[in-house]
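Enquirer: The sequence isn't on hand, but the structure is:
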């Protein structure tokens, strides 16, 4: 007996049956489906042009309804889709093309979304592993190695600086910064200050050297403002951001070679052209971290961290007056000043006790003497 005559398992649902499903068989007769059941004496006849088709998610059944009687619902075995006479019927074929086309479109969207999600997870995991690996390698650099690296870096950039060996300013700066630096978690790294002629700027080198300019001292009005800049730079030293950026910039293969015991690779890191450290910006990730940790150091040392907000506002005003950010000006390579100020203002508002900070009586050290010759000295050195 042919499949068309044998029929296909089916159920019918209609309000006249209450909540029960009536079991029967669907038989294709000419251009109609006839539902036959032992519990019914007269069959239902569903013309194919009146049939509305819906594919079920489980794949074993399809739904059919009658355009003329929306309450009349049929469930028929999906095996009927293997019957050529059924699927080639024009009304059914058009619906299948539409439904399957929509399903294919949705399938492609799902595949694309899953691929994108997998890529994001992989990228996040790779970024996490990369950051972990970089920090692991950097932790393996001894304090002595870091100091040697910093000495070499300082000798290379010294010829580009106009150092001012002012006997008063440097001791005053060291004394002012002592309570703050005591809160910075470094081991075996002595902090040293250097003063250079130039516009507002500050930067730190591995090994604890912090260089500030005469322009920065002139710009800062309160010790809290100056110490905020020092806190930011000391965070770069404490986190060894210079080494992190060098290693991360070499890529994951380079990192894996170091992690697997490539001591020669580590020596290559320590042979990096370190004079670039004073002029090449850190990534925004490291700058934001230096802001956050510098803020923590200030709070831990009971120094009012609002000085960081005040210092940034002064730097923003200086840049606005100059018309544009100058490469080498303090924080010029850092994240946008307005966004940083918003972030720091939120941190200030979130402080549980925005009082109880030390009253600093030390004045901001200033460079004495005629500074009109500084631009000439800078040009002569560069």
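Expert: Received, thanks. These figures come from a predicted structure and were not determined experimentally. Numbering: from 1, shown residues only.
Enquirer: per-residue pLDDT, the nearest residue to residue 226 once chain neighbours are set aside?
Expert: Distances taken as C-beta to C-beta, 6 or more residues apart in numbering place residue 220 nearest to residue 226, at 4.3 Å, with adjacent residues excluded. Yep, even glycine has a C-beta here, placed from its N, CA and C like the rest. You'll see residue 220 listed with a pLDDT of 96.
Enquirer: Now do the contacts for residue 220.
Expert: Neighbouring residues of residue 220 by C-beta atoms under 8 Å, 6 or more residues apart in numbering: 226, 229, 311, 314, 364.
Enquirer: got the residues you listed as JSON lines, with pLDDT and neighbour count columns?
Expert: Below are the contacts of residue 220 laid out as JSON lines (pLDDT from 0 to 100; neighbours: other C-beta atoms under 10 Å):
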{"residue": "226", "pLDDT": "97", "neighbour count": "26"}
{"residue": "229", "pLDDT": "97", "neighbour count": "26"}
{"residue": "311", "pLDDT": "95", "neighbour count": "27"}
{"residue": "314", "pLDDT": "93", "neighbour count": "17"}
{"residue": "364", "pLDDT": "94", "neighbour count": "21"}
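Enquirer: give me the element residue 137 is part of.
Expert: Residue 137 is located in helix 90-139, with elements delineated by DSSP states H and E.
Enquirer: wait, residue 153 sits on residue 206?
Expert: Yes. Look at residue 153 against residue 206 with C-beta atoms under 8 Å: they come within range, at 6.6 Å.
Enquirer: and those two? which has more neighbours close in?
Expert: Set residue 153 next to residue 206 and count neighbours by other C-beta atoms under 10 Å: residue 206 wins out with 27 against 22.
Enquirer: how about the nearest residue to the more buried one, chain neighbours excluded?
Expert: Nearest non-adjacent residue to residue 206 (C-beta to C-beta, 6+ apart): residue 150, at 4.3 Å.
Enquirer: pLDDT score for the one you found?
Expert: pLDDT, residue 150: 89.
Enquirer: next SSE after the helix holding residue 137?
Expert: Next helix or strand after helix 90-139 toward the C-terminus (DSSP H and E): helix 143-157.
Enquirer: can you list the domains in this protein?
Expert: The record's domain split for the chain, according to automatic domain parsing, is 3-88, 102-139, 141-381.
Enquirer: most packed of the ones you listed?
Expert: Mean neighbour count, computed with mean count of other C-beta atoms under 10 Å, is highest for domain 141-381 among the domains of the chain, reaching a mean of 17.
Enquirer: measure the residue nearest to residue 226 to residue 178 for me?
Expert: 17 Å (C-beta to C-beta, to the nearest Å).
Enquirer: try residue 128
Expert: Using C-beta to C-beta, which is the criterion applied here, residue 128 is 37 Å from residue 178.
Enquirer: and what of residue 132?
Expert: Taking C-beta to C-beta, one finds residue 132 at 34 Å from residue 178.
Enquirer: so what does the helix holding residue 137 touch, helix or strand wise?
Expert: Helix 90-139 sits against strand 51-55, helix 84-87, helix 241-250, helix 252-259, with contacts defined as 3 or more C-beta pairs under 8 Å, 6 or more residues apart in numbering; DSSP states H and E.
Enquirer: and the angle for that helix with helix 143-157?
Expert: If you take axes from the mean of the first three to the mean of the last three C-alpha atoms, to 10 degrees, helix 90-139 sits at 90 degrees to helix 143-157.
Enquirer: The chain: helices as residue ranges?
Expert: For the chain, the helices defined by DSSP state H cover 3-6, 84-87, 90-139, 143-157, 169-181, 214-219, 223-238, 241-250, 252-259, 263-270, 284-300, 306-322, 337-350, 374-381.
Enquirer: Among those, which comes closest to residue 66?
Expert: Residue 66 lies closest to helix 90-139 among those, at 12.4 Å (C-beta to C-beta).
Enquirer: and the closest one, how far out from the chain's middle?
Expert: Relative to the chain's own centre, helix 90-139 is displaced by 19 Å; criterion: C-alpha atoms, centre = their mean, to the nearest Å.
Enquirer: quick check: angle from it to strand 51-55?
Expert: Using the same axes, to 10 degrees: helix 90-139 against strand 51-55 is 20 degrees.
Enquirer: Mean confidence (pLDDT) on helix 90-139, please.
Expert: Helix 90-139 comes out at a mean pLDDT of 78.
Enquirer: I figured residue 163 hits residue 193, correct?
Expert: No. Assessed by C-beta under 8 Å, residue 163 is found out of contact with residue 193, at 11.1 Å.
Enquirer: So for residue 179, what's the pLDDT?
Expert: 95.
Enquirer: That one - nearest residue in space that isn't next to it in sequence?
Expert: residue 301 (5.1 Å).
Enquirer: OK, contacts around that neighbour?
Expert: Per C-beta under 8 Å, 6+ apart, neighbours of residue 301: 179-180, 182-183, 358.
Enquirer: Stretch 225-242: how far from the chain's middle?
Expert: 22 Å.
Enquirer: Please disregard the earlier target; I meant stretch 298-308.
Expert: For stretch 298-308, the distance to the chain centre is 27 Å (C-alpha atoms, centre = their mean).
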